[in-house]
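Colleague: structure for this input, please:
(chains A and B)
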Amino acid sequence: MDAVIESLPLYWNGFLRTLFLSAVSGVIALLLGTLLAAARVSPVAALRGFSMTYVEILRNTPLTIAFFFAAIVLPRIGVKFEQFEVAAIIALSAYTAAFIAEAVRSGVNSVPVGQAEAARSIGMKFSQVLSLIILPQALRTVIPPLINILIALVKNSSVAGAFFVLELFGYGRQLANANGDQVMAVLLGVAFFYLLITVPLGILASTVERKVAIAR
Amino acid sequence: MKAFFTRRQSLLVAASAALALSLSACGGSGTGTTSNPTVAEKPSFAAGSTMAKLSSAGTIKIGTKYDQPLFGQVGLDGKPVGFDVEMGKLIAAKLGIPADKIEWSETVSANREPFIEQGKVDLVIATYTINDKRKQVVSFAGPYYEAGQALMVNKDNTSITKPEDVKGKKVCSVTGSTPAATIVEKYQAELVPAATYSACLEPLRNKQVEAVTTDNVILAGFVDKEPDAFKLASDETFTKEPYGIGLKKDDTEFRNWINDQLESFAKDGSYKKAWEATAGSVIKTAPDLPAIVRY
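Modeller: Got it, this is the predicted structure:
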């Protein structure tokens, strides 16, 4: 335990970095994912095709490949970053957006067709139907899966530790290496800090769900 | 019969396979030279000792690095090669175990102590620096080699020649390794943490870091593979890293025995031969066996 207590400042640094990566990637992924879902149900065939290709490729490749691409392949073809955090955020948000797009799409599918028909019948354009009628209802239905995806995102951010970003897991590895005699305690410490983010997220999910639930 | 993949799926599979192939095309080859030490016939050991157990089992589990050219590296054929590997083979031979009966496993920097404690390996020979913290959970035979920390830079870099030059600059090293701690604490570099040393090569090539630091012998291995891309900042080293052979804590009998063997390898020339077959391809002067620390 000594190693864990002595290293609390390092854990804290790692915790903040993990929180930062997850929060920024989470916001970008939510926006990008919703846009992708909108493109997927849009009347424009090219947008539908793009969205489907994007989602299928990102959803079906391992996250490490996305990281490899962002951190190593992009710089090689000329896209360079000062900080590796940028690469991590690109990889995490691009990957997570694919899952969010699918969750939102399932929410859109759950909105009764009559809603869209009624909206169109009073002269709304597609963009209005989607943003005023369909998406608000769709997003409410998919709060639990969305939070699941965000929890997965927090845990997935540990992959950044293998791609030059010192986050919680990266510090964990550093501490484990420096304290060869207390590896288990160090790793339990890492687990504790992850729970500190993910458990409140779960609680938040149930609260929000209760608040915005719609009776059908 | 229904096709296993639909047309769309086969396209996706083909595309991802092509991507995977192009990514793995940059794998290394390794030196490939190996020696075949003479295996002792029916050696006898005190009953109940680790040596007797391993000898009668006819197999030994050794952990080594898989990504450190010249010391421990596994090429596409799956066989580890390097100086550490040769040391393992020599020791196994003294136990009457031929090289093909050694069960190799990969021990990266973070899993060496747990693997020894859990008995997943009998020995760890993996550019493993002896230090006091590690000694609290595992025991060390040796040292069998003394390396030192150095810096590797891009071929065209002239601004870094000594460790003092990296102050405030980005330097890549493995998280938690001794060299990483030294470059940050003593020379105030900004650490870019990697999981393995080989992972540092791309950022260096892309100039996202200015140098890579670890033990000179490891860097020499990288330079050897890509002499047109990288070079050592200087031939001098700025720390002393005694490499030991890790084994279960307090198995003093086994440790003393290994120490005796190391000394005998130095005497009969097999130590020098092992060096020349591996690391000697880059570092021409064969080292003398450092004074064994018996504690």
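Colleague: chain A contacts on the stretch 51-200 of chain B?
Modeller: Residues of the stretch 51-200 of chain B lying near chain A by C-beta under 8 Å from any C-beta of the partner chain: B:109-110, B:112-114, B:133-134, B:136-138, B:172, B:175-177, B:180-181, B:191-195, B:199. Any C-beta I mention is one placed from the backbone N, CA and C, and that applies to glycine too.
Colleague: what about the residue of chain A found nearest chain B, neighbour count?
Modeller: Going by C-beta to the nearest C-beta, chain B is nearest to A:N177 of chain A, at 2.7 Å. If you count neighbours by other C-beta atoms under 10 Å in any protein chain shown, A:N177 ends up with 25.
Colleague: for it, what are its contacts?
Modeller: Contact partners of A:N177, counting by C-beta atoms under 8 Å, 6 or more residues apart in numbering or on different chains, are B:S109, B:A110, B:T175, B:G176, B:S177.
Colleague: mind giving me the PyMOL select for the residues of the stretch 51-200 of chain B next to chain A, buried ones only?
Modeller: To isolate the buried members of these in PyMOL, using 16 or more other C-beta atoms under 10 Å in any protein chain shown:
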select buried, chain B and resi 109+110+112+113+114+134+137+138+172+175+176+177+180+191+192+193+194+195+199
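Colleague: of the residues of the stretch 51-200 of chain B next to chain A, which belong to helices?
Modeller: Secondary structure from DSSP state H places B:R112, B:E113, B:P114, B:K133, B:R134, B:A180, B:A181 of these in helices.
Colleague: ignoring the adjacent residues along the chain, who's closest to the second one?
Modeller: With sequence-adjacent residues excluded and distances taken as C-beta to C-beta, 6 or more residues apart in numbering or on different chains, B:E113 is closest to A:G180, at 4.0 Å.
Colleague: go on, the third one?
Modeller: Beyond its immediate neighbours in the sequence, the residue positioned closest to B:P114 (C-beta to C-beta, 6+ apart) is A:V183, lying 5.5 Å away.
Colleague: any idea which helix or strand carries that neighbour?
Modeller: helix A:183-212 (DSSP states H and E).
Colleague: tell me which residues of that helix come out buried.
Modeller: A:V183, A:A185, A:V186, A:L187, A:G189, A:V190, A:F193, A:Y194, A:I197, A:T198, A:L201, A:A205.
Colleague: what is the nearest of those to B:V223?
Modeller: A:V183 (32.6 Å; C-beta to C-beta).
Colleague: do a quick rundown of the helices in chain A.
Modeller: A:2-6, A:8-40, A:45-59, A:63-68, A:74-76, A:84-110, A:113-121, A:126-128, A:135-141, A:143-156, A:168-178, A:183-212.
Colleague: so where is the chain shaky, pLDDT-wise?
Modeller: With no chain named, the answer covers chain A. A:215-216 (pLDDT under 70).
Colleague: not quite, go with chain B.
Modeller: B:1-35.
Colleague: ok, B:G88 to chain A distance?
Modeller: 21 Å (C-beta to the nearest C-beta, to the nearest Å).
Colleague: that residue and A:N177: what is the separation?
Modeller: 22 Å (C-beta to C-beta, to the nearest Å).
Colleague: what's the nearest residue to the residue in chain B that chain A sits nearest to if we skip its chain neighbours?
Modeller: Residue nearest to chain A within chain B: B:G176 (2.7 Å; C-beta to the nearest C-beta). Nearest residue to B:G176, sequence neighbours excluded (C-beta to C-beta, 6+ apart): A:N177, at 2.7 Å.
Colleague: likewise B:G148?
Modeller: B:G148's closest residue in space is B:T237 (C-beta to C-beta, 6+ apart), at 2.6 Å.
Colleague: the one you found: neighbouring residues, count only.
Modeller: Neighbours of B:T237 using other C-beta under 10 Å come to 19.
Colleague: tell me the contacts of it?
Modeller: B:A147, B:G148, B:Q149, B:A150, B:D215, B:N216.
Colleague: please convert the buried members of the residues you listed into ChimeraX selection syntax.
Modeller: Buried residues among the contacts of B:T237 (16+ other C-beta under 10 Å), as a ChimeraX selection:
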select /B:147,149,150,215,216
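Colleague: what would the contacts of B:T237 look like in a markdown table with secondary structure?
Modeller: What follows is those, written out as a markdown table (DSSP: H, G, I helix; E, B strand; the rest coil):
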| residue | secondary structure |
| --- | --- |
| B:A147 | strand |
| B:G148 | coil |
| B:Q149 | strand |
| B:A150 | strand |
| B:D215 | strand |
| B:N216 | helix |
